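Visitor: Quick one, fold the following:
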Amino acid sequence: MFLRSLFDCCLPLKCATCFSTIMGRSASTPNTTPLPGIGGMTLPSRIEVIHTADRDPSVNLPYAPAVKVTGGSLLFLAGVNAAKVYHSHPHIESEFDDIPSDMEGQTRMALENVRKGLEACGATFSDVVQVTRYITNVDEQDQMNEVWWEYFGDHRPGTATIEVSRLATHEKLKVELAAIAVVD
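Guide: Modelled structure (predicted):
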């Protein structure tokens, strides 16, 4: 009977006391704020860049050493590159004909694909908290960063840049980006 009463009250989860009971906490315990998106109860998101004590503000990094997110919902974007997001599988060679051969052009196209994914969820580049950047030639990282700053401006998400021998989508691709953003 308790379980039925609990679910009658909480589906959708509207009652913080019942939610806390489900989560094994009392309503007066710290951290009883419901998870974002449950029963219409959400926390506003806040993104804060964290720097370490040895920060040198004269150094312009394309990333943040750490990013703290409070509230919101996480958005995981599939890895994208300069190819159309919706391309054929198995691949059709002609679908890759218009991909530029330079890192700047490919980075711009990949970031446009990231933009499309963000906008589809009501997010922008300032909502991105982490990006894993796969590149086929680490010597071209500076060219990638020049385009990066056009899209991210002063915002610096956390990043990891990894050199790979080849990207899976097509042999001519140089960069792939997998982003995580916070929305709501």
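
Visitor: that's a helix at Gln143, yeah?
Guide: Yes: counting by DSSP: H, G, I helix; E, B strand; the rest coil, Gln143 falls inside a helix.

Visitor: For it, give me its contacts.
Guide: Residues near Gln143 by C-beta atoms under 8 Å, 6 or more residues apart in numbering: 102-104, 107. C-beta: built from backbone N, CA, C; applies to glycine.

Visitor: what about the chain, any weak spots by pLDDT?
Guide: Residues of the chain meeting the criterion pLDDT under 70: 1-45.

Visitor: Report all helices and strands that the longest helix belonging to it contacts.
Guide: Ranked by residue count under DSSP state H, the longest helix found in the chain is helix 103-120. Helices and strands touching helix 103-120, as assessed by 3 or more C-beta pairs under 8 Å, 6 or more residues apart in numbering; DSSP states H and E, comprise strand 128-135, helix 141-152, strand 175-183.

Visitor: strands paired with the first one, and their directions?
Guide: It refers to strand 128-135. Strands adjacent to strand 128-135 in the sheet, as given by DSSP bridges, are strand 158-163 (parallel), strand 175-183 (antiparallel).

Visitor: rewinding a little: of the contacts of Gln143, keep whichever come out buried.
Guide: Buried members of the contacts of Gln143, counted by 16 or more other C-beta atoms under 10 Å: 103-104, 107.

Visitor: Can I get these in CSV including distance to His155?
Guide: Converted to CSV, the buried ones among the contacts of Gln143 look like this (distance: C-beta to C-beta, whole Å):
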residue, distance to His155
Met103, 21
Glu104, 20
Thr107, 16
